[in-house]
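Visitor: A structural model of the following input is requested.
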Amino acid sequence: MDDPASLPTAGLIRRLAALLYDAFLVLAIWMALGFAAQLIAGVETNQVIDGRVQTNPAFGLLLFALMCASAAAFYVWFWTRGGQTLGMLAWRIRVQSREGGPVSVRQSLLRFLCAWPSFFLLGLGYLWLYFDPNGDAAHDRLSGTRVVALPSPQR
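Guide: Numbers count the residues shown, from 1 in each chain. Got it, this is the predicted structure:
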């Protein structure tokens, strides 16, 4: 197998495809989390006013915090244990340190926190990979990581 530090950087399409795959998994986690939270809190946290469901603001804030924490836990768990989420595994890409080693918890958290603005600021953080000399996105650069394309398995 090739030296991990010498693997080519993954392109934008593969990164976004893996992100889409992972979005379905994170969405499923959020749905289960919301269902469990609603079972625990009860239906009293919601009421219908003028034909619209209104949620207790404190419950909504708690649910939002749980959603953010569960998404962070999902990515940190997978990135620190092998460098691949399930979407990354399907698209044969892996996140690793600049030297080619595993990603630390600190790097994973920093990468997760920086990836949100990279995506939601019109994708500028992701488009940065076209201007970066190493082909890294902004959140890769900030967290000291890189996303590499893995070779196809030999048949």
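
Visitor: Show me where the protein has its strands.
Guide: 46-49, 52-55, 93-97, 145-149 (DSSP state E).

Visitor: Off-centre distance for the second one?
Guide: Between the mean C-alpha point of strand 52-55 and the mean C-alpha point of its chain there is a distance of 29 Å (Cα atoms, centre = their mean, to the nearest Å).

Visitor: Against Thr145, how distant is the most centrally placed residue in the chain?
Guide: With distances taken as Cα atoms, centre = their mean, Tyr75 lies nearest the centre of the chain, 5.1 Å away. According to Cβ to Cβ, to the nearest Å, Tyr75 and Thr145 sit 12 Å apart. The C-beta positions use only the backbone N, C-alpha and C, and glycine is treated the same way.

Visitor: so what sits against both of the two?
Guide: Arg111 (Cβ atoms under 8 Å, 6 or more residues apart in numbering).

Visitor: Show the average pLDDT along the longest helix along the chain.
Guide: Ranked by residue count and defined by DSSP state H, the top helix of the chain is helix 12-41. Across helix 12-41, pLDDT averages out at 95.

Visitor: Return the set of buried residues in that helix.
Guide: If you call a residue buried by 16 or more other Cβ atoms under 10 Å, then helix 12-41 has these buried ones: Arg14, Arg15, Ala17, Ala18, Leu19, Tyr21, Asp22, Val26, Ala41.
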